[in-house]
Structures are given as structure tokens and as C-alpha cells.
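J.: Have a look; sequence and predicted model below, questions after that.
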Amino acid sequence: MEHSGNLQLKLVDGDAGYVLEDVPHLTDYIPDLPTYPNPLRSNPAYSVVKQYFVDVDHTVAQKVIYASTSKFFWFVFLSPPFIVVHKDDPRGTHFRRAGPRQKVYFESDEVHACIVTCGGLCPGLNTVIREIVCGLYHMYGVNKILGIDGGYRGFYCKNTIDLTPKVVNDIHKRGGTIIKTSRGGHDTSKIVDSIQDRGINQVYIIGGDGTQKGAAVIYEEIRHRGLKVAVAGIPKTIDNDIPVIDKSFGFDTAVEEAQRAIDAAHVEAGSIENGIGVVKLMGRYSGFIAMYATLGSRDVDCCLIPESPFYLEGRGGLYEYIEKRLKENGHMVIVIAEGAGQDLLSESLQSMNHQDASGNKLLQDVGLWISQKIKHHFASQHKMAINLKYIDPTYMIRAIPSNASDNVYCTLLAHSAVHGAMAGYTGFTVGLVNGRHAYIPFNRITEKQKNVVITDRMWARLLSSTNQPSFLSHKELAEFKKEKQHQHQLLDDENCKDNKSEPKT
Ligand SMILES: Nc1ncnc2c1ncn2[C@@H]1O[C@H](COP(=O)(O)OP(=O)(O)O)[C@@H](O)[C@H]1O
Ligand SMILES: O=P(O)(O)OC[C@H]1O[C@](O)(COP(=O)(O)O)[C@@H](O)[C@@H]1O
Ligand SMILES: [Mg+2]
């Protein structure tokens, strides 16, 4: 086993291609820290669990290996624990397995934790907050937990909120975040000054790619100052565009809630002659919500996402398909992700290039734009009178509480973060990898973005369920596949592309 010298990347190489992309530990820069037995050892709820504590050498494989020999095939697919392997197993990239350790690096009454939420809303934020508080309190006896009010800037310009199990008791039933959120306002030194001045030694940071980039620089500054402070990230994105992890919390809830908008569009469209229902769903750069909501509904005739370019006019274009569908069926439903067709919009509208406080590009409203284009096309062509209704449920979807399965997922993420920080790990984010919870270095989840791959089976399923045109010629498809193969070789990552966004403050 060899450790890489790079501080950013803590790589451990094993035999035959095994690589552990490890996360930092407080002892990397503060040697000789005392350890304590994990209080869970004497917790009646957990003490009976066989193998409750995670072995220090357990890691989670990033990829399931597909093998062709039948013996190996059955071994892989019929024994799920295979995904959790020992460090001597020679199978590609691995992450440290999440969970409680026998030894912890904090005494219960020594811990002073804080929680912050940043970026846009997502169902499940309150559940994660609740479960960090309850996990710390009930599993580790911690009772000093602060909520940072209003995102990163709350560290240095707002009062804090005391969080106890009583305060957070029923917050999982509410949407939003009880400690509020914001965009922009990341000032690393002011944030770390505040952490130091308040005597905080565990920082739980819930947010998307921007937030996790912010968490990475906070960790670096804390390390630079030599502080015994664990920094743990919990990735949040309703768009499901964070790489490495199987799925982000709130995504299932969003897909489920999107059905209500699609149902309404279908009812409206189906109740009038040549009715068209257009629904805009979230997805700045990734069309996962639109794709899954379409597959879940079966009432959608066309799904447009950022990853799949489309065109309006001429043979094989959207207008032709709409006309065909209305003639066949009398009505239709179109789902469009907010980032779809932005190239067409900037061609026809003056490009605005505005940004939000975090530096994210503000997109123009593609739903409104496409609705107007369709209306105008059919009116000007005198082809047929259409009745189009446009629904934008974005904030209604984001603001709801998480559903039951997301609640369970949020709980496990929160508890993984708590176990990791108590065990002295820092500079990590938690996530489900191949169905197992793992600790992932920040850079792994911020450097790329997860996208729908339109040459994969899932998009093919969608095309076959809607029967919409692919909007691609055979030549373009072949080029897409070639490009995909090239990326695959370069990145060794199924459906990610480089995250080119610049640092934002
Ligand atoms: N590169 C970065 N470095 C430091 N902080 C960042 C960076 N990008 C974004 N942030 C901060 O993270 C927070 C949330 O970012 P934002 O992009 O709005 O949402 P999300 O985390 O959901 O992507 C903001 O306070 C923003 O200032
Ligand atoms: O109006 P707001 O609050 O800026 O949020 C809009 C954006 O938030 C999102 O829902 C999620 O964005 P983040 O993950 O960056 O917070 C996007 O899909 C959407 O474009
Ligand atoms: Mg973001």
C-alpha cells in the first residue's frame, strides 16, 4: 500500500489496480490525538447488531464489475456484500465505507457541532438537519449543536439557532430548511474565523456542487490553521447531477411530485380539441427529473432535456411531430427540462448572460419560450387551431417535504456524516455508491457533473415509451457514441462531464 504525496488527493494504491480514494483524517495534520471507545458499544439499540462497527479496512467499490465467466457473474450479482470489499481486493477505484468505528476522536461533551444549508431548496433538507441533531444526541450524547442562519454568510453576519431533538422533532414533515439558505456570500476566512471564535469542532454542510466546493476550501483553511475541526458535507441537488453517488436525496420526491403537474397538463390537454400541455421541470444541465418523470407518467409524448439537442422546423423536427401526434391522438403532453434548448433560445432572443449570487448562469424560461413558438407556428401556418396550456411547477416541487423513502435515505446520509466526523474523518462528503454508504473526497463530487447519457439504455427506454423523434441523424448518433467512448476512456466515469464552472463567491 502506498500513499500519494498530494494533500488534495489521498490515494492508497493496492495490488493489481486497487485504488482507495481516501478522505482526510484529523490525525493527518494533528498527530497523537487521543481516542475514546465509541459510546454506541453500550447503546442497547445498537449493541446487539452483529458486526455493527465498520472494519477500518472496508471500502466500497465505485463500479460493479461485469464479468463474462458464469461463475464470477453469479458471485457478483447474487452476493451483494461483494460490493464492500477488502483493501487487498484488486478491483479499481474504492471509497472508504461509511459507518460507526470502534474508536472515536471526540468525547461527547467536547463536541460543539454546527449545521448549515446553502443553495436552492430540495425536499429532505429538514430531515437531514433533524437526523444530524438526533444522531449526535442519541448515539453520541452530544448536546451542543448550532444551526447557522441563512447559508454561508450566516457564519459571520447572523445569530445562530440552538438545535435540540425537541426543536427538530417534527421538522421532517415540513418543506424548506428551518435554518434558512442563501446563495453567494462565501468568505472563507470570515467563516473559519467564526468557527474558531465559537469553538465549533464539527461542521456539517448541506448543499449542492457550489456548496461542496465551498466546504472544500473551508476544510483546507481549517487544516492550514491546524484546528481540530471535522468538516462533513451532505450533497444536495434536486437535479440529481452530482457524480459518483447513486442518487441525491429529494430526487425521488421531486419525480413523484412532478407527476401532479404532468397529470394536470394531461387532463387539460385531453379535455379540449388539439390540446397541448407543456410542463417545465427542473434540470439546469441534467435532464434526470424530466426523464424519470416522463418514464413514471406514461402520459408524456415528448421529453426534451439539455443533453439531447432538438430542433423545431422541418423534417424530423418538433413541429412536425406535434402535428402528427395531434392528428393521431387529438392531444399531447410535452415535458421540458429548464436547461433544454438553451442554444435555440439564445439564437432567437438576445443572450442575457446574467448570473445569480453564487455565479450560476441564469437561464431563460425555455417553457414559456417553447409555448410561444408552438402557438405562433400553428397560428401562422393556419394548419390547425391548437390549445396550449403551460405549467411551471418548479417551486411547488422544491418546497414540499420529502417522501418516506427519501426520509429514510436522508437519515442514513445524516448518520453516516455523524459517524464519520466522530471517527475523526474530515474533508469528506457522504453518499451512496453502488448501494453502500461511503465517504468521498470533495474533489470527486465537484470536478464533474452527472448527465443523462443519450446513448444509454434509459434514454432509449424513454424514446420507445414516448415514441418521439430522437432529433439525431444516424451520423450524429455515431458521433455521439464515438465521443462517449472517448470520454469513457479519459474519465473512466459512466455519465459525467467536466465541471467547467469557475469559483464563485
Ligand atoms: N467555487 C466555490 N467556492 C466557494 N464557495 C462557493 C463556490 N461555488 C459556490 N459557492 C458557495 O456555495 C453556496 C451555494 O452555491 P450554489 O451554487 O448557489 O448552490 P448549490 O450548492 O446548490 O450548487 C453559495 O453560498 C456560494 O457562494
Ligand atoms: O430560483 P433559485 O432559488 O435561484 O433556484 C433555481 C434553481 O435551483 C435548482 O432547483 C437547483 O439548483 P442548485 O442545486 O444549484 O441549488 C435549479 O434546478 C434551478 O435552476
Ligand atoms: Mg449547483
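T.: It's in. Ligands and ions are numbered 1, 2, ... in the order given.

J.: the strands in the stretch 301-450 of the chain, which residues?
T.: Ranges of strands within the stretch 301-450 of the chain are 302-304, 331-337, 387-391, 428-433, 436-441, 448-450, based on DSSP state E, counting those that start in this stretch.

J.: quick one: strands adjacent to the longest one?
T.: On the basis of DSSP bridges, the sheet neighbours of strand 331-337 come out as strand 275-281 (parallel), strand 302-304 (parallel).

J.: do the fourth one as well
T.: Within its sheet, and counting by DSSP bridges, strand 428-433 is paired with strand 230-235 (parallel), strand 436-441 (antiparallel).

J.: how about those strands, which one is nearest ligand 3?
T.: Among those, the nearest to ligand 3 by Cβ to the ion is strand 230-235 (10.3 Å). Heads up, the C-betas are built off the backbone N, CA and C, glycines and all.

J.: for the helix or strand just after the closest one, packing partners?
T.: On the C-terminal side of strand 230-235, the closest following helix or strand by DSSP states H and E is helix 251-270. Applying 3 or more Cβ pairs under 8 Å, 6 or more residues apart in numbering; DSSP states H and E, we find helix 251-270 packed against strand 275-281, helix 288-297, strand 331-337, strand 387-391, helix 394-398, helix 404-422.

J.: contacts for stretch 257-276?
T.: Contact with stretch 257-276 is made by 123, 277-279, 281, 289, 293-294, 296-297, 299-300, 322, 326, 330-335, 374, 384-389, 391, 393, 396-397, 400, as judged by Cβ atoms under 8 Å, 6 or more residues apart in numbering.

J.: Tell me the buried residues within those residues.
T.: Among the contacts of stretch 257-276, those classed as buried by 16 or more other Cβ atoms under 10 Å are 123, 277-279, 281, 289, 293-294, 297, 299-300, 322, 326, 331-335, 374, 386, 388-389, 391, 393, 397, 400.

J.: how does the protein divide into domains?
T.: Domain assignment for the chain, taken from automatic domain parsing, gives 2-100, 108-248+403-430+438-446, 251-400.

J.: can you put the ones you listed in a markdown table and add distance to ligand 3 and mean pLDDT?
T.: Shown next, in a markdown table, are these (distance: least, Cβ to the ion, whole Å; pLDDT from 0 to 100):
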| stretch | distance to ligand 3 | mean pLDDT |
| --- | --- | --- |
| domain 2-100 | 21 | 75 |
| domain 108-248+403-430+438-446 | 4 | 97 |
| domain 251-400 | 6 | 94 |
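
J.: among those domains, which is the most enclosed?
T.: Mean neighbour count (mean count of other Cβ atoms under 10 Å) peaks for domain 108-248+403-430+438-446 among these, with a mean of 22.

J.: Over to that domain now: how far is its first residue from its last?
T.: 32 Å (Cα to Cα, to the nearest Å).

J.: Are that domain and ligand 2 in contact anywhere?
T.: Yes: under the criterion of Cβ under 6 Å from any ligand atom, ligand 2 is reached by domain 108-248+403-430+438-446 at 119-120, 208, 237-239.

J.: Would you point out the most distant pair within the residues you listed?
T.: Greatest spatial distance among those (Cβ to Cβ): Gly119 and Asp239, at 10.8 Å.

J.: got the residues of the stretch 201-350 of the chain near ligand 1?
T.: Residues of the stretch 201-350 of the chain lying near ligand 1 (Cβ under 6 Å from any ligand atom): 207-211, 213-214, 217.

J.: any idea how far Ala258 is from Cys118?
T.: Noted for Cys118: a distance of 24 Å to Ala258, by Cβ to Cβ, to the nearest Å.

J.: hang on, the earlier thing: distance to Pro309 added to the helices and strands packed on helix 251-270, as CSV?
T.: Output for the helices and strands packed on helix 251-270, formatted as CSV (distance: least, Cβ to Cβ, whole Å):
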stretch, distance to Pro309
strand 275-281, 18
helix 288-297, 15
strand 331-337, 13
strand 387-391, 22
helix 394-398, 23
helix 404-422, 32
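
J.: In contact with Leu227, which residues?
T.: Contact analysis of Leu227 by Cβ under 8 Å, 6+ apart lists 192, 195-196, 201.

J.: how about 7 Å then?
T.: Contacts for Leu227 (Cβ atoms under 7 Å, 6 or more residues apart in numbering) come out as Gln196.

J.: And Gly427, by the same measure?
T.: Contacts of Gly427 by Cβ under 7 Å, 6+ apart are 23-24, 219, 231, 441-442.

J.: Considering those, which is situated nearest to ligand 2?
T.: Ligand 2 lies nearest to Phe442 out of these, by Cβ to the nearest ligand atom, at 16.1 Å.

J.: Surely that closest one touches Thr429?
T.: Yes: counting by Cβ atoms under 7 Å, Phe442 does reach Thr429; the two are 5.9 Å apart.

J.: so what sits against both of the two?
T.: 212, 233.

J.: picking that back up, quick one, which of the domains of the chain is nearest to Leu462?
T.: Closest among those, using Cβ to Cβ: domain 251-400, at 5.6 Å.

J.: Would you mind measuring the gap between the ends of the closest one?
T.: 12 Å.

J.: Measure how far that domain is from the centre of its chain, please.
T.: 23 Å (Cα atoms, centre = their mean, to the nearest Å).

J.: check whether that domain contacts ligand 2.
T.: Yes: against ligand 2, domain 251-400 shows contacts by Cβ under 6 Å from any ligand atom at 282, 284, 338, 356, 360, 398.

J.: Gln62: which of those residues is nearest?
T.: Arg284 (25.0 Å).

J.: Can you tell me how far the closest one is from Gly151?
T.: If you go by Cβ to Cβ, the gap between Arg284 and Gly151 works out to 19 Å.

J.: who's in contact with Arg284?
T.: Applying Cβ under 7 Å, 6+ apart, we find Arg284 in contact with 239, 338-339, 363.

J.: Ok, Leu136 next?
T.: 111, 113, 142, 145, 418.

J.: how about these in TSV, adding distance to Asp456?
T.: Output for the contacts of Leu136, formatted as TSV (distance: Cβ to Cβ, whole Å):
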residue	distance to Asp456
Val111	44
Ala113	40
Val142	43
Ile145	42
Val418	35
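
J.: Let me know the distance separating the residue of the stretch 251-400 of the chain found nearest ligand 2 from Lys180.
T.: Relative to ligand 2, the nearest point of the stretch 251-400 of the chain is Met282 (3.6 Å; Cβ to the nearest ligand atom). Here the criterion is Cβ to Cβ. By it, Met282 lies 20 Å from Lys180.

J.: Please identify the helix or strand for the closest residue to ligand 2 within the chain.
T.: Ligand 2 sits closest to Gly120 of the chain, with a gap of 2.8 Å, by Cβ to the nearest ligand atom. Assigned by DSSP H and E, Gly120 belongs to neither a helix nor a strand.

J.: how far away is it from ligand 1?
T.: 5 Å (Cβ to the nearest ligand atom, to the nearest Å).

J.: list the contacts for that residue?
T.: Counting by Cβ under 7 Å, 6+ apart, Gly120 has contacts Arg398.

J.: 8 Å instead?
T.: 181, 183, 208, 238, 398.
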